[in-house]
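Asks: below: sequence and its predicted model.
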Amino acid sequence: MKILLVEDSRSLAAVIGSRLESFGNEVTLAENGQIGFDKFVQASFDLILMDIEMPVMNGFEATTRIRAHEARQPWAWTPILFLTASDTSDNIVTAIEAGGDDFIAKTVPEPVLQAKMKAMARIATLRRRLAVANARLSEQASRDGLTGLYNRRHMDLRLDAAWEQAVNRGKPFALLILDIDNFKKYNDHYGHQTGDDCLRAVAAAIAKAVAEGNAPEETEHAFAARYGGEEFVVVLPFAAHAAYEAVAVRVLAGIRALAIEHLDNAGIGTVTVSVGGAYQTRAAGRIADLFRCADQRLYRAKGNGRNQAVLAG
Ligand SMILES: Nc1nc2c(ncn2[C@@H]2O[C@H](COP(=O)(O)OP(=O)(O)OP(=O)(O)O)[C@@H](O)[C@H]2O)c(=O)[nH]1
């Protein structure tokens with residue numbers, strides 16, 4: 001386990017530290033609560049052993065600050081054991097109230113220390129597994145089941161955050177709305193299953209077009225999402241105008257290059273998309289207005305014969 005040992009007495013820290021290391025733990029020392037808190041913020045630990053009486057910042061205050069810091073992150077909880085010289089009722093109650101989980105006497109006998117560490121190691125393993133499972137679940141919850149692109153819910157969450165950042169920093173912001181051409185006819189002709197395959201292929205081409213930026217710094221915050229049905233959105237926070245145009249061109253070309261047969265696509269013969277885009281040099285106002293603008297241009301792209309992007313005017 002990675003253990004943060006917060007203890008002001010050098011001699012005691014050395015003794016406890018080497019005992020913990022002797023049965024396989026990695027120990028980081030901090031001489032008072034303030035240093036302990038700073039080290040906690042900089043790295044991640046499986047367990048914290050916290051002295052109570054210390055100069056600069058005592059163990060209770062450090063624990064309160066650690067818990068306040070963890071409260072800002074989902075599922076964060078590092079077990080904290082107080083090291084007590086005297087386990088008076090008052091000390092124990094204050095320790096638990098401050099956010100501690102348990103306490104051990106500084107003079108704890110070797111077998112008891114080992115047993116407590118074993119119990120804490122079990123909790124640490126469980127926490128690691130939970131963190132992995134949670135990350136996997138939240139990734140799954142953000143994806144569209146059919147295409148693997150981000151889903152509408154995730155897009156909305158991320159869009160709001162990105163838009164706010166762009167507005168606050170006066171940065172550019174762009175959107176592309178993409179819609180597969182004559183997709184109802186595609187389904188009618190080739191069947192719904194083949195329609196699903198087509199959606200997957202188109203989604204992959206869009207993701208590739210977004211990822212293949214010539215100027216990565218201009219599209220590094222970009223992401224694609226399935227907006228619904230056969231509609232997709234590419235969000236380009238902070239992108240330069242050239243990058244906005246380049247992504248639209250690459251998406252159109254990438255989907256044409258798939259060369260998926262679509263005999264009912266108004267004489268074109270393969271699957272294509274129409275694109276409507278909107279760009280703001282300095283993000284301001286409401287994101288909904290950008291969507292409305294992109295949607296109107298998509299409508300014009302459809303009206304002009306499909307298989308094209310309308311990005312301005
Ligand atoms: N296979 C499949 N089809 C879907 C899915 N979601 C939506 N669709 C179909 O997408 C089609 C969209 O049709 P419309 O909105 O009429 O648009 P369109 O035929 O593409 O015509 P234009 O947009 O004007 O080019 C409908 O037939 C939907 O059933 C899906 O998950 N799988």
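Replies: Now that the structure is in, tell me what you want to look at.
Asks: which bits of this structure sit near the ligand?
Replies: Applying Cβ under 6 Å from any ligand atom, we find that the chain lies next to the ligand at 146, 179-185, 187, 192, 195-196, 199, 229-230, 302, 306. Every residue, glycine included, has its C-beta placed from N, CA and C.
Asks: try 8 Å this time
Replies: Within the chain, the positions lying close to the ligand (Cβ under 8 Å from any ligand atom) are 146, 179-188, 192-196, 198-199, 228-230, 274, 302, 306.
Asks: please enumerate the strands of the stretch 1-150 of the chain.
Replies: Under the criterion DSSP state E, counting those that start in this stretch, the stretch 1-150 of the chain contains strands at 2-6, 26-30, 47-51, 80-84, 102-105.
Asks: okay, these in a markdown table with mean pLDDT and mean neighbour count next?
Replies: A markdown table is the format used below for the strands of the stretch 1-150 of the chain (pLDDT from 0 to 100; neighbours: other Cβ atoms under 10 Å):
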| stretch | mean pLDDT | mean neighbour count |
| --- | --- | --- |
| strand 2-6 | 95 | 23 |
| strand 26-30 | 96 | 17 |
| strand 47-51 | 93 | 26 |
| strand 80-84 | 89 | 23 |
| strand 102-105 | 84 | 16 |
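Asks: and of the ones you listed, who's closest to residue 258?
Replies: With respect to residue 258, and counting by Cβ to Cβ, the nearest of the strands of the stretch 1-150 of the chain is strand 2-6 at 48.4 Å.
Asks: and the strands of the stretch 1-150 of the chain as TSV, adding distance to residue 138?
Replies: Below are the strands of the stretch 1-150 of the chain laid out as TSV (distance: least, Cβ to Cβ, whole Å):
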stretch	distance to residue 138
strand 2-6	24
strand 26-30	29
strand 47-51	25
strand 80-84	26
strand 102-105	30
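Asks: ok, back up a step: looking at the residues of the chain next to the ligand, which are in strands?
Replies: Residues of the residues of the chain next to the ligand located in strands (DSSP state E): 179, 180, 228, 274.
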